[in-house]
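Student: Give the three-dimensional model of this entry:
(chains A, B, C, D, E and F)
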There are 6 protein chains.
Amino acid sequence: MSRIDGRTAEELRPVTIERGWSKHAEGSVLVSFGDTRVLCTASLTEGVPRWRKGSGEGWVTAEYAMLPRATNTRGDRESVRGRIGGRTHEISRLVGRSLRAVVDTKALGENTIVIDCDVLQADGGTRTAAITGAYVALADAVAWAQDRKLVKAKAQPLTGTVSAVSVGIVDGVPLLDLRYEEDVRAETDMNVVCTGDGRFVEVQGTAEGAPFAREELDGLLDLAVAGCAQLDGHQRTALGR
Amino acid sequence: MSRIDGRTAEELRPVTIERGWSKHAEGSVLVSFGDTRVLCTASLTEGVPRWRKGSGEGWVTAEYAMLPRATNTRGDRESVRGRIGGRTHEISRLVGRSLRAVVDTKALGENTIVIDCDVLQADGGTRTAAITGAYVALADAVAWAQDRKLVKAKAQPLTGTVSAVSVGIVDGVPLLDLRYEEDVRAETDMNVVCTGDGRFVEVQGTAEGAPFAREELDGLLDLAVAGCAQLDGHQRTALGR
Amino acid sequence: MSRIDGRTAEELRPVTIERGWSKHAEGSVLVSFGDTRVLCTASLTEGVPRWRKGSGEGWVTAEYAMLPRATNTRGDRESVRGRIGGRTHEISRLVGRSLRAVVDTKALGENTIVIDCDVLQADGGTRTAAITGAYVALADAVAWAQDRKLVKAKAQPLTGTVSAVSVGIVDGVPLLDLRYEEDVRAETDMNVVCTGDGRFVEVQGTAEGAPFAREELDGLLDLAVAGCAQLDGHQRTALGR
Amino acid sequence: MSRIDGRTAEELRPVTIERGWSKHAEGSVLVSFGDTRVLCTASLTEGVPRWRKGSGEGWVTAEYAMLPRATNTRGDRESVRGRIGGRTHEISRLVGRSLRAVVDTKALGENTIVIDCDVLQADGGTRTAAITGAYVALADAVAWAQDRKLVKAKAQPLTGTVSAVSVGIVDGVPLLDLRYEEDVRAETDMNVVCTGDGRFVEVQGTAEGAPFAREELDGLLDLAVAGCAQLDGHQRTALGR
Amino acid sequence: MSRIDGRTAEELRPVTIERGWSKHAEGSVLVSFGDTRVLCTASLTEGVPRWRKGSGEGWVTAEYAMLPRATNTRGDRESVRGRIGGRTHEISRLVGRSLRAVVDTKALGENTIVIDCDVLQADGGTRTAAITGAYVALADAVAWAQDRKLVKAKAQPLTGTVSAVSVGIVDGVPLLDLRYEEDVRAETDMNVVCTGDGRFVEVQGTAEGAPFAREELDGLLDLAVAGCAQLDGHQRTALGR
Amino acid sequence: MSRIDGRTAEELRPVTIERGWSKHAEGSVLVSFGDTRVLCTASLTEGVPRWRKGSGEGWVTAEYAMLPRATNTRGDRESVRGRIGGRTHEISRLVGRSLRAVVDTKALGENTIVIDCDVLQADGGTRTAAITGAYVALADAVAWAQDRKLVKAKAQPLTGTVSAVSVGIVDGVPLLDLRYEEDVRAETDMNVVCTGDGRFVEVQGTAEGAPFAREELDGLLDLAVAGCAQLDGHQRTALGR
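Tutor: Reported below is the predicted structural model:
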């Protein structure tokens, strides 16, 4: 059985990672997973929030948002409604945690990096594209800081790499990297964040329809790990490693 | 190695499920997992939100919150700050999704059930206690509606049971049902929501320290499934099934 | 004429004051006036708000809130609406003022005590139960601070005791400690806060229907003073004085 | 002992009630109690809030606010802070309740009157001046509606008159109609709302310093009743009755 | 063709500028342009916002607002809605910028002046009346500060005078100082802020209907400059210069 | 004297207008004025806001926002702060008014078009680029609606074209289309919105430093009109007219 766009079940959509997209940010990436496009900018400032001062440790956090017409139907702006929605909150926290999993805050020193992930166009997998792009923007911001001696020459603020992919069961078949049309039909939906060496940072699986069995979970995890390994390759290529 | 409170690694804290705690709510439960105490009330009203009207289907949703001094240090009230925090949002959504996984909204008919989970005292595992207690409050509200013919006599709005437990790796050892002191020391933290027949509704695992390997994940899932089976027993006992 | 629950006009509902209800708070009380149940926690922290720093004086404040299903019909959460309602604001201020009336802030030293009064179940008189319970939680927090030498050994931060009761005229008859069903039918509704020696801290009387005459006011005050004297006894018993 | 401004203890400040201050409002009054100046406008619209539709009854409500520099020190605007403060909330509710005490909503028919009381200059007693002026604006709006046949010719939407005054104990002496300098020094502070026939609508007494005794309360009530009787005269004169 | 109120096209409405309207503010003016009445108060405090500290320079800002019933139909309070509307924001910024155009912040020294412009009654031109009155209140506050040596004796914090007027094209005819009825019918609407020596501080022209041609713009500017010159005279008279 | 980027005083930066940038929106444009890049999407939905229903007329509105790191220094997200800032409000209103100036809402019929202008990168002139790009997105959305018969075949919802440009006086020299570095140094700053036939829709001039004279204003207007004529050419080219 082939998918809407002709992919096999274990195939990613075309991935592009365009570095240096913004002239202002210390790191910036326009990442696309098929038609999903996310602008990730990393803003590095010296100093840390008050509760971290004097600790010698840095801080990395993230904010995720969608432009109103990133989606098929226009959504209200959260700034106009005056509140962040639950989904936005949840994804922002996920992106921040995922990045911190590969950051040595001591090595970063008292610097703060904020990663903004703004979805310009959405077609499923916005959070996983955001994490994958954000890592590259983060790497660029760290390199920028090392060039300017804001971070010690021999420090290694990044302890590994991180990427993320969605998997799900659609019509009983486990699929990698769901597009929006697949996502809405999925019985089970899972987002997996892995390090480059294949370990897990986050595993979030949700039964959208019927609860899922252990074998199904196992199959999805296999698919996701393989997908993240490919994304890790895309990141390395983009970073010229 | 024994735990702070003398439990074995695969042992739950003492669980109590007190039904009928509130005289006003259609279903109400004071659930405790050790020192964690959550008041769960189910409010059933006829009718559904506007976007569901005429569908013949009901709606179930949940709101989670903590009293300011449920925790060791007093937290600001979200009502006073004027915003729901990200964690509150995230858990409210999790509780709602978990319950809806065992609800047949067609069988419920055009009725709305709101489950409020208010943490009176917190000692780790507040979201898992909330889900476990909320299911019982939900079951009572459904029974109440059937008594009053708001739901058809032969309808089965509940398609199964649901409970939840936390697991985590502390000092390299996978532990079931973490207390707060264990939770803050956990390298990996996972919340698992299962149906009574042992399938998964939600799996949320997070590396708090180092990323975790597939075998660790597998071990945690085993522990959680066993824990949920025990919680399912507590729920059945409480419901007199 | 006897009342719905068989009480005489000048009789309180059964009062219980359960100390040490929460393991985290410096003082905590679950108070009940009949079916009205309020959890009062006193959180003591060293230091005072910025505007008080260096004054040598402490600060006592209170926050009152209701759980959404404390009442017969579920109310929206104020945290979700994003604003505190007028009634909540008003009662929080009343509780804080009432407690401060018996606090010597100099003797308290630069410590802050926040009293949270969360109504778990409401059946009329929630604010008066809150004040009555809050005093006991406050007394426990002060004792806790004296044990830890945060307050000087010979200091007397509490200059008296305080309790509160509602009174009202229902069908022309002045009644003590109204239940909800009585409260909604009352022509005149009054909340009175007294010290243990029978003086007034707050008197708030409102004509719900027709304006009331001086003799009616006098009768209500008599009833309230007698009620507070009884509550003072309950407080002393609870505190083992 | 004479007061700062030479008044006797039972003397009101000069009272002025200027009707027709605004060209847009159905009723409008600039009321002054000494240097306290409040602009009261009554806005009458046909129809009632949704929850009252079809009841045949009208609705009267009030909003109280202070201009930022009505006071000696500039206060932040509540619109800029994004929230109504507790004091504002409390007084708005008091003004609304006080007016409704003399309104027959059936006779008013399905019309809504909103009374805005904006303090242009504050020198103590802003809420009592607001109530006193608001009544006159309300009377003008009702007359306006009767002229236009929005209210039936023989209907009597106003069942009486209402005014309010503050009293307090300063240096042991009960004083009528406190100025700001007196108010801040008062040991006990009371606001009393009376109908023109001398009955009570609201009695709100607060011990600012030491709790107060029954005789003190009685003395203050006497003073307030006499003050309201004088204010009733001012209202009648202003209305040309 | 004469206007609704009999004015010629280039005639201002009657202007009054009443100084010292408020006893608390360092400068206060009740300004009226016909039936438009704005209370302008200038509040001077020593010190500057944090971002200006140590600069030796002062700060001047403004806030504009309307009372709910300043207009023909009552508007909701922005404090109750919990947000400042776009129009309010825009005008507050305009008033602040206009005043700062004639302030030498170095000469003012580290003092802050906040000008509040509250529209008590609106009949078109509220922002231009606000600017015109605010300048006079500002001048009074500066003089007050010089009297108290808060500003150096020889310093000249005001480098000029500033006033504002609206102009617009109604039925093809350019008119000065529009009333509300004219404003709503205007095809083009322009607000012009000038210094006393006839230069421009702000020019804001908007096509309400058809776009306007250069000659129309030129004609409106001529009219506005002449109007501001007259307002400058009113300001000088009020200030007794 | 040549400018930072070598342009002459009356030269625009390179302008690009990329249509069809988003796959979801009915019209979408990525517009750039030099390094300023704004994504404009036009969302057309059938129906109009409630206050317009049954009028037979459509509605066009706009929302402007900046990504947090569009600028040199990261700004807080307005959604996180919970309020729209004054500048955002002001520009959103300006964009909406500018577009409505060339829309015949009768010809549009009861359809609503919302134009979102999100600044991806800012280097001066974001509001003028937004208006210029928004017009093209609007034209595409209107064409889309005509293709689908949502708008009558012969209707002409667009009565003209509209574009905008900034002008300012820097070091005494009037310059067209200011970059950020020029904008912050400008003594006078003006934004001009013109129709394709050279008439004015909006003129907003502000003295940032000294007030400006009539000749300066005239010079700036000349410059702006010429600039808008060039932008009109870019729009026509982009639209293939």
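Student: If I follow the layout properly, A:Asp123 ends up in contact with A:Ser32?
Tutor: No: contact criterion C-beta atoms under 8 Å: A:Asp123 and A:Ser32 do not qualify, at 9.4 Å. For every residue, glycine as well, the C-beta is placed using N, CA and C.
Student: residue at max distance from the center of chain A?
Tutor: A:Gly54 (29.9 Å; C-alpha atoms, centre = their mean).
Student: if I look at that one, how far off is A:Gly47?
Tutor: 11 Å (C-beta to C-beta, to the nearest Å).
Student: the more surrounded of A:Asp123 and A:Ser32?
Tutor: Comparing A:Asp123 with A:Ser32 by other C-beta atoms under 10 Å in any protein chain shown, the one with more neighbours is A:Asp123, at 24 against 19.
Student: what pLDDT does the more buried one get?
Tutor: If you check A:Asp123, the pLDDT there is 97.
Student: Excluding chain neighbours, what is closest to it?
Tutor: In this structure, A:Asp123 finds its nearest non-sequential neighbour in A:Asp35, 3.8 Å apart by C-beta to C-beta, 6 or more residues apart in numbering or on different chains.
Student: so how far is F:Asp5 from that neighbour?
Tutor: For A:Asp35, the distance to F:Asp5 (C-beta to C-beta) stands at 35 Å.
Student: quick one, which of the two is more surrounded?
Tutor: A:Asp35 (18 against 13).
Student: Report the contact partners of the more buried one.
Tutor: Residues near A:Asp35 by C-beta atoms under 8 Å, 6 or more residues apart in numbering or on different chains: A:13, A:121, A:123, A:179, F:23.
Student: Swap in 6 Å and give it another go.
Tutor: When contacts are counted by C-beta atoms under 6 Å, 6 or more residues apart in numbering or on different chains, A:Asp35 touches A:121, A:123, F:23.
Student: Same check on A:Ala42?
Tutor: Contacts of A:Ala42 by C-beta under 6 Å, 6+ apart are A:26-27, A:113, A:115, A:137-138, A:141.
Student: starting at the chain centroid, how far to the strand or helix carrying it?
Tutor: If you go by DSSP states H and E, A:Ala42 is part of strand A:36-46. Relative to its chain's centre, strand A:36-46 lies at 11 Å (C-alpha atoms, centre = their mean, to the nearest Å).
Student: Same question for stretch A:88-106.
Tutor: Mean-position distance between stretch A:88-106 and its chain equals 9 Å (C-alpha atoms, centre = their mean).
Student: Can you get me a residue count around the residue in chain A that chain D sits nearest to?
Tutor: At 8.5 Å from chain D, A:Gly82 is the closest residue in chain A, using C-beta to the nearest C-beta. A count of neighbours around A:Gly82, defined by other C-beta under 10 Å, yields 19.
Student: thought it was touching F:Val80?
Tutor: No: the criterion here is C-beta atoms under 6 Å, and A:Gly82 misses it with F:Val80 at 10.8 Å.
Student: Which parts of chain A are helices?
Tutor: Using DSSP state H, the helices found in chain A span residues A:78-81, A:86-100, A:105-108, A:126-147, A:180-185, A:214-238.
Student: tell me the pLDDT at the residue farthest from the centre of chain A?
Tutor: 95.
Student: thinking again about what came up before, of the contacts of A:Asp35, closest to E:Asn72?
Tutor: Checking those against E:Asn72 with C-beta to C-beta, the nearest one is A:Gln121 at 46.0 Å.
Student: where's the closest one relative to A:Val167, distance?
Tutor: The gap separating A:Gln121 from A:Val167 is 22 Å, by C-beta to C-beta.
Student: now do A:Met66
Tutor: 22 Å.
Student: Same question for A:Gly47.
Tutor: Distance, A:Gly47 to A:Val167, by C-beta to C-beta: 39 Å.
Student: Assess the claim that A:Ala101 and B:Thr206 are in contact.
Tutor: No: counting by C-beta under 6 Å, A:Ala101 does not reach B:Thr206; the two are 8.7 Å apart.
Student: Where does the prediction get shaky in chain A?
Tutor: Scanning chain A for pLDDT under 70 picks out A:1.
Student: Centre-most residue in it?
Tutor: In chain A, the C-alpha closest to the average C-alpha coordinate belongs to A:Ile131, at a distance of 1.0 Å (C-alpha atoms, centre = their mean).
Student: Count the neighbours of the residue in chain A that chain C sits nearest to for me.
Tutor: Using C-beta to the nearest C-beta, A:Arg83 is the residue of chain A that sits closest to chain C, at 6.7 Å. By the criterion of other C-beta under 10 Å, A:Arg83 has 19 neighbours.
Student: mind checking how far it is from B:Tyr135?
Tutor: In this view, A:Arg83 and B:Tyr135 are 29 Å apart by C-beta to C-beta.
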